[in-house]
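*Asks:* What follows is a predicted protein model with its sequence.
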Amino acid sequence: MLPTEILKNHDTPFYYYDLEVLRRTLELIKSSSDYPGYHVHYALKANVNPVILRVVADYGLGADTVSGGEIVRALETGFAPHSIVFAGVGKSDREIALALRSGIGCFNVESSEELARIEELAREVGETANVALRVNPDVDAHTHHYITTGLAENKFGIGMDMLEPIIQHCIDSENINFRGLHFHIGSQITTLEPFRILCERINGLQEYYESRGILFASINVGGGLGIDYDDPDANPIPDFRSYFEVFHRYLQLRPGQELHFELGRSIVGQCGSLISRVLYVKSGRTKKFVILDAGFTELIRPALYGAYHKIQNLTSHSDIMDKYDIVGPICESSDTFGTDVLLPEPRRGDIIALRSAGAYGEVMASQYNCRTLPKSIFKE
Ligand code: LLP
């Protein structure tokens with residue numbers, strides 16, 4: 001439940017973060033990932049609000065980054081350099097050099113072309129780059145096609161059939177310290193079955209390479225665990241215990257082997273809501289519109305992916321229920337948060353919450369239409 005009395009007194013729109021939910025989430029992650037060799041990294045791409053980052057870092061998680069900017073942000077927050085992994089299909093020379101200088105834990109490398117460039121830049125500065133190869137395991141995560149990444153047709157990773165010579169190259173190179181394999185099959189995955197299939201793929205790969213005398217010091221299974229967008233109050237914290245258990249049960253780790261996770265949405269998704277005010281309730285010819293002071297500039301997920309966020313009127317006590325299209329002020333039709341949403345009768349000035357917006361919300365906000373980036377407030 002959101003604290004309406006507090007939220008009412010702030011200028012809208014803004015992001016509201018419940019740090020108690022975040023801490024409880026992190027505590028469950030810590031206690032349920034307590035298996036030998038398990039390391040959990042936080043995927044910064046989900047949210048880089050400094051207050052949120054500080055809390056996550058305090059729980060001793062590593063960082064998963066996808067740009068030079070994120071590496072700098074992770075270091076500034078106090079994530080240990082060796083706990084930082086760096087992924088992405090298009091790392092620039094400047095980003096690679098920064099990562100080498102910073103002594104990050106691992107480059108997750110997506111192609112032989114990128115590997116050659118990292119090797120060259122490491123040689124120039126007399127460094128050795130820690131490298132894991134991102135494998136495209138061709139596992140269907142059954143999630144939105146924009147956020148599926150583990151299928152053969154996606155741009156991500158190296159196909160399993162192309163892997164062997166690239167691994168050999170890593171092993172032979174003087175400027176590369178080959179660490180192992182990296183995977184990420186997609187995001188907002190709501191059943192554990194795709195993760196179990198991923199474990200089986202990895203088992204097969206390990207057996208194959210072991211028979212050729214190649215061992216992996218580290219396996220990284222990426223992120224992707226989903227959250228309950230439908231009922232955030234009933235399920236504020238994902239079932240991390242079952243999630244980690246799947247890997248413990250099905251993934252055959254070798255003695256001393258490290259297992260890395262890169263979780264984003266499941267860590268920060270449920271602690272955040274976008275809070276806005278009703279500007280106008282407009283009667284159209286066939287529909288009623290609730291026009292908010294927040295738009296896709298503050299939360300782009302509905303416009304970009306057709307994503308669902310639960311919409312609540314926190315201040316209406318009316319018994320009269322009706323259906324409304326909930327829209328923002330931006331001059332584009334896609335600026336819609338929900339159509340035919342059943343809500344108690346809204347009035348100008350009502351406070352509307354868009355729930356489960358802690359991940360890929362504030363961090364994807366834009367200044368389109370010369371709008372100001374949203375502020376954030378916190379509940380300790
Ligand atoms: N590791 C890699 C290599 C990734 O590409 C991602 C997310 C993650 C970890 C973290 O995944 P998570 O645990 O958060 O599912 N903007 C989209 C989501 C894009 C996810 C991109 N990659 C959305 O709003 O749904």
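*Replies:* Perfect, I can see it now. Numbering: from 1, shown residues only.

*Asks:* and Ala357, what is it in contact with?
*Replies:* 15, 269, 272-274, 299, 301, 309 (CB atoms under 8 Å, 6 or more residues apart in numbering). Quick note: C-beta positions are derived from backbone N, CA and C, even for glycine.

*Asks:* could you dump the residues you listed to CSV with distance to the ligand?
*Replies:* What follows is the contacts of Ala357, written out as CSV (distance: CB to the nearest ligand atom, whole Å):
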residue, distance to the ligand
Tyr15, 15
Gly269, 8
Gly272, 12
Ser273, 15
Leu274, 13
Leu299, 10
Arg301, 5
His309, 10
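
*Asks:* Name the nearest of those relative to Tyr209.
*Replies:* Of all the contacts of Ala357, Tyr209 sits closest to Gly269, with 35.2 Å by CB to CB.

*Asks:* one step back: reformat the contacts of Ala357 into JSON lines and put neighbour count and secondary structure next to each item.
*Replies:* Shown next, in JSON lines, are those (neighbours: other CB atoms under 10 Å; DSSP: H, G, I helix; E, B strand; the rest coil):
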{"residue": "Tyr15", "neighbour count": "27", "secondary structure": "strand"}
{"residue": "Gly269", "neighbour count": "28", "secondary structure": "helix"}
{"residue": "Gly272", "neighbour count": "28", "secondary structure": "strand"}
{"residue": "Ser273", "neighbour count": "27", "secondary structure": "strand"}
{"residue": "Leu274", "neighbour count": "27", "secondary structure": "strand"}
{"residue": "Leu299", "neighbour count": "28", "secondary structure": "coil"}
{"residue": "Arg301", "neighbour count": "20", "secondary structure": "helix"}
{"residue": "His309", "neighbour count": "21", "secondary structure": "coil"}
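
*Asks:* Phi and psi next, for the residue most central in space within the chain.
*Replies:* Among the residues of the chain, the one closest to the centroid is Gly264, at 3.1 Å (CA atoms, centre = their mean). Main-chain torsions, Gly264, degrees, to the nearest 10: phi -120, psi -80.

*Asks:* wait, it sits on Val363?
*Replies:* No: with contact defined as CB atoms under 8 Å, Gly264 does not reach Val363; the gap is 9.7 Å.

*Asks:* which neighbours do the two share?
*Replies:* Applying CB under 8 Å, 6+ apart, one finds that Gly264 and Val363 are jointly contacted by 45-47.
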